[in-house]
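Q: just a sequence and a predicted model for now, questions to come.
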Amino acid sequence: MRLFLVFLIFINTIHAGYNLDEKIGQMILVGFRGSEIDVNHQVVKDIKQSKIGSIILFDYDVKLESRKRNVIDKDQLIDLTKRVQRESEIPLLITVDQEGGLVQRLKQRHGFHKVLSPEEIGKKNNLNFTYSESKKLAKDLESVGINLNFAPSADVNTNPNNPVIGKIERSYSSDPKKVSQHVAAFIKSHHEQNIGTTIKHFPGHGSSKGDSHKGFVDVTETWRDLELIPFTDMIKQNQVDILMSAHIFNGSLDPYYPATLSKKVLQDLLRGELKYDGVIISDDMNMSAITDHYGFERAIELAINAGVDILLFGNNLIYEKEIAFKVHKAIHKLLDEDRITIDQINSSFNRIMSLKKKLKLIKNFDIAQVSTLKRGIANKKSVLDKILMKKNYEVFKKLKKMEN
């Protein structure tokens with residue numbers, strides 16, 4: 001019996017050439033400083049030692065207030081992406097925020113196309129135009145070796161004065177069905193260039209009055225269930241490569257935690273009711289909505305238990321040279337202390353590798369073993385039904401004090 005248990009542990013930990021460190025590494029996405037790298041560069045150490053599965057590129061260094069980060073021009077960027085891919089045994093997801101308008105890391109001054117903002121595109125309400133503008137972005141990404149765009153925004157413009165969405169023209173429309181149509185055109189343009197896309201920010205950031213980069217954002221009184229429509233449409237149409245969670249708090253969906261850390265939002269609603277089984281990535285875990293209210297290790301624990309597959313640490317709002325090692329070590333610790341499970345690691349690994357196969361980064365992989373036992377939902381009542389429940393601010397405040 002003891003020998004059998006040892007065997008079970010073995011097949012759950014070592015799988016088809018991929019060990020536990022590699023599986024954990026696939027769950028980590030980090031940003032780094034530098035437009036050129038050599039064997040001694042920190043990102044090479046992150047790839048070799050922490051086995052990271054993804055990186056994100058920026059044109060601007062927030063902490064240094066410098067325009068020099070990862071992007072200088074096309075030739076430099078081609079060299080950079082080729083070099084990092086050469087260093088990694090498992091091909092990397094190389095990502096960037098390239099929405100158009102103000103959120104465009106590859107800018108005209110770097111030699112790339114200038115593309116209208118989603119709001120400007122949406123006002124034209126011509127899907128052929130949306131497709132052609134988005135195709136410029138996709139071709140630019142493909143030309144320099146970037147394989148995943150952190151776009152499009154599927155947020156509905158329910159609050160035009162929203163400082164992080166509406167006010168900077170990141171939403172296509174206040175009409176959720178129009179948002180769906182433009183998001184679908186954006187995705188089509190990218191898929192034709194074999195570039196993955198990311199719909200964001202689930203369950204909808206359009207109604208917020210605050211910026212989750214800067215602190216706690218409560219949308220309990222402003223969020224409406226129509227904000228789910230673009231996400232639901234894309235899931236039903238099987239158009240989602242990867243979905244990004246928002247750090248917003250909505251007491252009607254979960255009276256305790258923001259969406260990125262919420263089982264009710266990511267497990268019960270997204271995976272349960274909306275039937276989404278693809279990759280979930282967190283918004284930047286360095287944002288103040290997370291860092292100001294949860295400890296580093298606790299935030300990782302909550303995110304993984306909520307259902308997040310890839311933890312994004314942009315390493316730009318806050319810079320920590322060895323952030324990848326720190327995240328990797330924290331996940332190991334959580335696993336050793338039974339605060340997360342090997343099944344969660346394997347499930348995330350399977351989703352991430354399936355995405356890499358879809359994007360033709362890998363040809364094949366063997367699915368990691370996951371227990372067939374399914375964890376039931378304690379309350380059978382629909383999460384959407386609970387939107388109409390009385391807001392539970394006092395409970396949240398008490399829990400928040402306990403967390404701190």
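A: Received the coordinates, thanks.
Q: pull the contacting residues for the closest residue to S153 other than its chain neighbours.
A: In this structure, S153 finds its nearest non-sequential neighbour in R170, 4.8 Å apart by CB to CB, 6 or more residues apart in numbering. C-beta: built from backbone N, CA, C; applies to glycine. Residues near R170 by CB atoms under 8 Å, 6 or more residues apart in numbering: E99, G101, L102, V103, S117, P118, E119, S153, D155, V164.
Q: same list (those residues) but as TSV, adding distance to A184.
A: What follows is the contacts of R170, written out as TSV (distance: CB to CB, whole Å):
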residue	distance to A184
E99	15
G101	19
L102	23
V103	19
S117	18
P118	13
E119	17
S153	13
D155	15
V164	23
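Q: now, which of these lie within strands?
A: E99, V103 (DSSP state E).
Q: from the contacts of R170, which two are the most distant?
A: Across those, no pair lies farther apart than L102 and D155, at 14.4 Å, counting by CB to CB.
Q: the two: who's more crowded?
A: Set side by side, L102 and D155 give different neighbour counts by other CB atoms under 10 Å, the larger being at D155 (32 against 10).
Q: and the more buried one, how far is that from I56?
A: Shown here: D155 relative to I56, a distance of 20 Å by CB to CB, to the nearest Å.
Q: apart from its neighbours in sequence, what residue is nearest V43?
A: Using CB to CB, 6+ apart and skipping residues adjacent in sequence, the residue nearest V43 is F32, 4.2 Å away.
Q: which ones are touching the one you found?
A: Applying CB under 8 Å, 6+ apart as the definition, the contact partners of F32 turn out to be H41, Q42, V43, D46, I55, N70, N315.
Q: could you dump these into a markdown table and include neighbour count?
A: As requested, these are arranged in a markdown table below (neighbours: other CB atoms under 10 Å):
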| residue | neighbour count |
| --- | --- |
| H41 | 17 |
| Q42 | 18 |
| V43 | 24 |
| D46 | 26 |
| I55 | 27 |
| N70 | 26 |
| N315 | 26 |
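Q: just those: which are in strands?
A: Secondary structure defined by DSSP E assigns I55 of those to strands.
Q: now the contacts of R170: which count as buried?
A: By neighbour count, with 16 or more other CB atoms under 10 Å, the contacts of R170 hold E99, G101, V103, S117, P118, E119, S153, D155, V164 as buried.
Q: can you pull out the helices in the stretch 101-250 of the chain?
A: Remark: helices of the stretch 101-250 of the chain, listed N- to C-terminal, are 118-124, 127-143, 176-191, 229-236; assignment by DSSP state H, counting those that start in this stretch.
Q: so I310 makes contact with I56?
A: No - distance between I310 and I56: 10.6 Å, which falls outside the contact criterion (CB atoms under 8 Å).
Q: quick one: common contacting residues for the two?
A: With contacts defined as CB under 8 Å, 6+ apart, the residues shared by I310 and I56 are L29.
Q: from memory D21 sits against K51, does it?
A: Yes - in this structure, D21 is within contact of K51 by CB under 8 Å, at 5.3 Å.
Q: between these two, which one's more packed in?
A: For the pair D21 and K51, the greater number of neighbours falls to K51 (23 against 13), based on other CB under 10 Å.
Q: ok, the more buried one - contacts?
A: Under the criterion of CB under 8 Å, 6+ apart, the contact list for K51 reads D21, E22, I24, G25, Q26, I90, H328.
Q: what do you get if the cut-off is 10 Å, keeping everything else the same?
A: Listed by CB atoms under 10 Å, 6 or more residues apart in numbering, the contact partners of K51 are 18-28, 88-90, 324, 328.
Q: D233 contacts H182, doesn't it?
A: No - because the distance of 11.3 Å does not satisfy CB atoms under 10 Å, D233 is recorded as not touching H182.
Q: look at those two and report which has more neighbours.
A: The neighbour comparison of D233 against H182 (other CB under 10 Å) goes to H182, with 28 against 19.
Q: could you report the neighbour count for the residue nearest to the more buried one when sequence neighbours are not counted?
A: The spatial neighbour of H182 that comes closest, neighbours along the chain excluded (CB to CB, 6+ apart), is Y172 at 4.1 Å. As a burial measure, Y172 scores 31 neighbours (other CB under 10 Å).
Q: distance check, the nearest residue to D61 once chain neighbours are set aside against I56.
A: Sequence neighbours aside, R69 is the residue nearest to D61 in space, at 4.4 Å (criterion: CB to CB, 6+ apart). Taken as CB to CB, the spacing of R69 relative to I56 amounts to 11 Å.
Q: got any ranges where the stretch 101-250 of the chain has weak pLDDT?
A: Within the stretch 101-250 of the chain, the ranges that satisfy pLDDT under 70 run 210-215.
Q: residues in contact with the spatially most central residue of the chain?
A: Among the residues of the chain, I281 comes closest to the average C-alpha position under CA atoms, centre = their mean, at 2.8 Å. Shown in contact with I281 (CB under 10 Å, 6+ apart): 27, 29, 54, 93, 95, 148, 150, 198, 200, 242-245, 260, 308-312, 352.
Q: all strands for this protein, in order.
A: Taking DSSP E, the strands of the chain run over residues 28-31, 54-56, 93-96, 98-100, 103-104, 148-149, 196-202, 242-245, 279-281, 311-313.
Q: which among those strands is found nearest to L226?
A: Using CB to CB, the strands of the chain put strand 196-202 closest to L226, at 14.0 Å.
Q: would you put the C-alpha positions of that closest one in PDB?
A: The C-alpha trace of strand 196-202 is given here as PDB (Å, rounded to 0.1, in the frame of the first residue of the first chain):
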ATOM      1  CA  GLY A 196      -3.500  35.100 -29.100                       C
ATOM      2  CA  THR A 197      -5.900  37.600 -27.500                       C
ATOM      3  CA  THR A 198      -7.000  38.300 -24.000                       C
ATOM      4  CA  ILE A 199     -10.500  39.600 -23.200                       C
ATOM      5  CA  LYS A 200     -10.600  41.700 -20.100                       C
ATOM      6  CA  HIS A 201     -11.400  42.700 -17.300                       C
ATOM      7  CA  PHE A 202     -13.800  40.100 -16.000                       C
END
